[in-house]
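Engineer: Got a predicted structure plus its sequence, pasted below:
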Amino acid sequence: MEILENVPLSTLTTFHTGGPARFLVTVKSEVEIPQAVEFAKEKGLPLIPIGAGSNMLAPDSGVDAVFLNIAMHDVSFTVNGADIICTAEAGVSWDSLVEQSVERGFWGLENLSSIPGTVGAGVVQNIGAYGSALSERVTAVDVYDTKQGKMQTLVSLECEFGYRTSIFKKEVDRYIVVRVNFTLTTDASPNLSYRDLKNYFANAESIPSLREVREAVIEIRKVKFPPLDLFGTAGSFFLNPIVNDEKTRELSKMYPLMPLFPLPEGGVKLPLAWIFDHALSLKKLRVGKAFLWEKQALVITAEPNATSGDVVLLASEVARLVFEKTGIQITPEVRLFGAEKKIVF
């Protein structure tokens with residue numbers, strides 16, 4: 001177990017902002033995880049798995065906590081007929097796992113190509129894109145339960161997956177994701193339900209291959225998202241709001257062309273990017289060195305030397321304008337800490 005002190009969070013997060021983390025603890029094996037938990041208890045500080053820092057905004061003043069870096073990167077594939085059991089440790093780069101699956105001809109993760117982050121963080125967030133969600137392929141998750149002080153395995157139903165959420169997000173202080181089991185398939189089954197993918201392959205003369213689907217997703221994302229080597233970002237900053245039937249009817253009268261996405265569990269998911277573009281025209285909004293990415297207004301982007309304060313002020317202004325125009329209170333998808341939790345709605 002490696003312990004570092006006062007590590008700048010600007011070097012650990014994809015926003016490239018934030019002051020120092022009090023401690024950064026790196027573990028390289030399952031047996032070191034209880035040691036990290038005990039270290040945080042001894043210091044009287046919260047323990048925060050950081051993943052690749054791709055879904056968090058740290059305050060400029062820093063965070064008095066122990067950040068946990070799980071440097072465990074093993075991946076295995078077991079063939080069982082047409083089904084493939086894939087086991088990946090929490091520290092594996094998510095897109096690396098997708099790439100390895102595609103290289104082997106295993107379907108199931110390709111629509112989630114090019115999403116920054118780690119396998120562990122992806123499960124916590126239940127990442128999704130282009131008509132697919134990670135939870136559709138998860139069979140079980142091995143976790144360290146800090147409440148029980150031992151390893152446990154949660155099957156998919158126990159993970160309480162939902163839209164960009166899971167039990168690991170709801171009980172963020174209890175569970176540490178260690179490894180994840182996925183079920184993939186060798187049966188060719190491209191999911192082209194999402195409009196952008198459907199349009200991309202509209203003139204295709206044959207069913208796209210696994211590699212072609214992955215390359216299409218990567219190309220589409222390159223157009224929509226800022227390059228991480230030039231700008232700081234955590235991708236989509238806000239969740240798409242879910243509203244009841246009454247609110248849906250009200251908004252449908254105001255915006256009859258707005259797409260609606262009814263959910264099986266009830267409620268209707270609204271496309272926040274559509275609201276930004278058609279109801280508010282927010283694409284050029286800027287505060288300090290933080291601005292909305294012109295090709296995808298849901299993405300708050302930070303120029304070099306931007307502060308987390310710039311991002312928070314911009315997010316607050318966006319939330320205020322959305323509420324003023326629609327009566328909807330939008331929620332950050334990005335995890336916020338300390339003073340940066342104070343987004344004014």
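Structural biologist: Yep, that arrived.
Engineer: Just the CA trace of the longest helix that the chain contains, in PDB.
Structural biologist: In the chain, taking DSSP state H as the definition, the longest helix is helix 308-326. Extracted C-alpha coordinates of helix 308-326, given in PDB (Å, rounded to 0.1, in the frame of the first residue of the first chain):
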ATOM      1  CA  SER A 308     -13.700  24.600  -9.800                       C
ATOM      2  CA  GLY A 309     -15.400  27.800  -8.700                       C
ATOM      3  CA  ASP A 310     -15.800  28.800 -12.400                       C
ATOM      4  CA  VAL A 311     -17.500  25.400 -13.000                       C
ATOM      5  CA  VAL A 312     -19.900  25.700 -10.100                       C
ATOM      6  CA  LEU A 313     -20.900  29.300 -11.000                       C
ATOM      7  CA  LEU A 314     -21.700  28.200 -14.500                       C
ATOM      8  CA  ALA A 315     -23.600  25.100 -13.400                       C
ATOM      9  CA  SER A 316     -25.600  27.300 -11.000                       C
ATOM     10  CA  GLU A 317     -26.500  29.700 -13.800                       C
ATOM     11  CA  VAL A 318     -27.600  26.800 -16.000                       C
ATOM     12  CA  ALA A 319     -29.700  25.300 -13.300                       C
ATOM     13  CA  ARG A 320     -31.300  28.700 -12.600                       C
ATOM     14  CA  LEU A 321     -32.200  29.300 -16.200                       C
ATOM     15  CA  VAL A 322     -33.700  25.800 -16.700                       C
ATOM     16  CA  PHE A 323     -35.800  26.200 -13.500                       C
ATOM     17  CA  GLU A 324     -36.900  29.700 -14.600                       C
ATOM     18  CA  LYS A 325     -38.000  28.500 -18.000                       C
ATOM     19  CA  THR A 326     -39.400  25.000 -17.300                       C
END
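Engineer: Pull out the buried residues from it.
Structural biologist: Neighbour-count burial for helix 308-326, counted by 16 or more other Cβ atoms under 10 Å, picks out 308-315, 317-319, 321-322, 326. Bear in mind the C-beta positions are built from the backbone N, C-alpha and C, glycine included.
Engineer: quick one: contacts for residue 37?
Structural biologist: Under the criterion of Cβ atoms under 8 Å, 6 or more residues apart in numbering, the neighbours of residue 37 are 47, 144, 146, 149, 176.
Engineer: In this structure residue 305 contacts residue 290, no?
Structural biologist: No - Residue 305 sits out of contact with residue 290 when judged by Cβ atoms under 8 Å, with a separation of 11.0 Å.
Engineer: For the nearest residue to residue 14 once chain neighbours are set aside, give its distance to residue 252.
Structural biologist: Of all residues not flanking residue 14 in the chain, residue 54 sits nearest, at 4.5 Å (Cβ to Cβ, 6 or more residues apart in numbering). Distance, residue 54 to residue 252, using Cβ to Cβ, to the nearest Å: 35 Å.
Engineer: Show me which of the two is the more surrounded one.
Structural biologist: residue 54 (23 against 13; other Cβ atoms under 10 Å).
Engineer: got a list of what that one touches?
Structural biologist: If you count contacts by Cβ under 8 Å, 6+ apart, residue 54 has them with 13-14, 116-117, 121, 234-235.
Engineer: Can I take it that it is in a helix?
Structural biologist: No - counting by DSSP: H, G, I helix; E, B strand; the rest coil, residue 54 is not part of a helix but coil.
Engineer: Including distance to residue 200, could the buried residues of helix 308-326 go into TSV?
Structural biologist: Output for the buried residues of helix 308-326, formatted as TSV (distance: Cβ to Cβ, whole Å):
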residue	distance to residue 200
308	35
309	39
310	34
311	31
312	35
313	36
314	31
315	31
317	34
318	29
319	32
321	32
322	30
326	31
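Engineer: between those, which is nearest residue 226?
Structural biologist: residue 311 (13.4 Å; Cβ to Cβ).
Engineer: Can you name the residues that contact residue 219?
Structural biologist: Taking Cβ under 8 Å, 6+ apart, we find residue 219 in contact with residue 200.
Engineer: Show me what counts as buried in the one helix or strand it maps to.
Structural biologist: Element membership for residue 219 (DSSP states H and E) is helix 210-224. Buried residues in helix 210-224, counted by 16+ other Cβ under 10 Å: 210, 212-217, 220-221, 224.
Engineer: any chance of those in JSON lines, plus distance to residue 1 and pLDDT?
Structural biologist: Output for the buried residues of helix 210-224, formatted as JSON lines (distance: Cβ to Cβ, whole Å; pLDDT from 0 to 100):
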{"residue": "210", "distance to residue 1": "39", "pLDDT": "97"}
{"residue": "212", "distance to residue 1": "43", "pLDDT": "97"}
{"residue": "213", "distance to residue 1": "40", "pLDDT": "98"}
{"residue": "214", "distance to residue 1": "36", "pLDDT": "98"}
{"residue": "215", "distance to residue 1": "40", "pLDDT": "98"}
{"residue": "216", "distance to residue 1": "42", "pLDDT": "98"}
{"residue": "217", "distance to residue 1": "37", "pLDDT": "98"}
{"residue": "220", "distance to residue 1": "40", "pLDDT": "96"}
{"residue": "221", "distance to residue 1": "35", "pLDDT": "95"}
{"residue": "224", "distance to residue 1": "39", "pLDDT": "91"}
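Engineer: Rebuild those as JSON lines, extending it with distance to residue 331.
Structural biologist: Output for those, formatted as JSON lines (distance: Cβ to Cβ, whole Å):
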{"residue": "210", "distance to residue 331": "34"}
{"residue": "212", "distance to residue 331": "35"}
{"residue": "213", "distance to residue 331": "31"}
{"residue": "214", "distance to residue 331": "30"}
{"residue": "215", "distance to residue 331": "33"}
{"residue": "216", "distance to residue 331": "30"}
{"residue": "217", "distance to residue 331": "26"}
{"residue": "220", "distance to residue 331": "25"}
{"residue": "221", "distance to residue 331": "23"}
{"residue": "224", "distance to residue 331": "21"}
